[in-house]
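[1] would you be able to build a 3D model of this:
(one chain, ligands or ions: 1)
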Amino acid sequence: MTCDQCGLCCLHYHGTYWARTSDLLRWHDEGRKDILQYVAVSGPDGSRTTAIMLPRTELEKIEHVSAWTDPESGREILPCPFLRKVSTNRYLCSIHATKSQTCRRFVHEDWEMFIAYRERFFSP
Ligand code: SF4
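    As a prediction, this is how the structure comes out:
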């Protein structure tokens, strides 16, 4: 499958895990606070904060992230905050080099689902 950069999957698709433990640890090790700020977590006292505030040992306990959240409001964000529109029908991922395993494997793992989804959004 050749990606035509339509942005469909990043604009509309959800219902999966945006990121997993290995992604969170990589972003921590890479100093990617710009990404981790979109991961809402519960702090030791139960209050909501972002993954920026957690040490690596706490990030290891998070199995997956099921939604990006606005760091200011704490509300879920869709489409993905890392998607960039570069022309009328063309989109790019602004964190392509370190995007999550889910994004890397997306079509390969969910090909039939993706085709059904694409037909739904692109049908007249
Ligand atoms: S991280 Fe990149 S590839 Fe993944 S949903 Fe966001 S824009 Fe798309």
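
[2] name the SS class of the closest residue to V86 other than its chain neighbours, please.
    Spatial nearest neighbour of V86, excluding adjacent residues (Cβ to Cβ, 6 or more residues apart in numbering): L92 at 5.4 Å. Using the backbone N, CA and C atoms, a C-beta is placed for each residue, glycine as well. Remark: L92 carries the secondary structure label strand [criterion: DSSP: H, G, I helix; E, B strand; the rest coil].

[3] renumber starting at 866 from here on
    Sounds good: first residue 866 from here, last item L957.

[4] for this structure, which segments count as helices?
    When secondary structure is read from DSSP state H, the chain shows helices at 873-877, 886-894, 898-901, 921-924, 966-974, 976-987.

[5] quick one: mean pLDDT over the first one.
    In this model, helix 873-877 has an average pLDDT of 79.

[6] what's it packed up against?
    Contacts of helix 873-877 with other secondary structure elements, assessed using 3 or more Cβ pairs under 8 Å, 6 or more residues apart in numbering; DSSP states H and E, are made with strand 955-958, helix 966-974, helix 976-987.

[7] go with 10 Å
    Using 3 or more Cβ pairs under 10 Å, 6 or more residues apart in numbering; DSSP states H and E as the contact test, the elements touching helix 873-877 are strand 948-952, strand 955-958, helix 966-974, helix 976-987.

[8] lowest-confidence stretch among those?
    Lowest mean pLDDT within the helices and strands packed on helix 873-877: helix 976-987, at a mean of 68.

[9] setting aside sequence neighbours, what's the nearest residue to the residue nearest the centre of the chain?
    Centroid-nearest residue in the chain, with Cα atoms, centre = their mean: W883, separated by 3.9 Å. The shortest distance from W883 to any residue other than its chain neighbours is 4.9 Å, reached at V930 (Cβ to Cβ, 6+ apart).

[10] alright, I will stop here.
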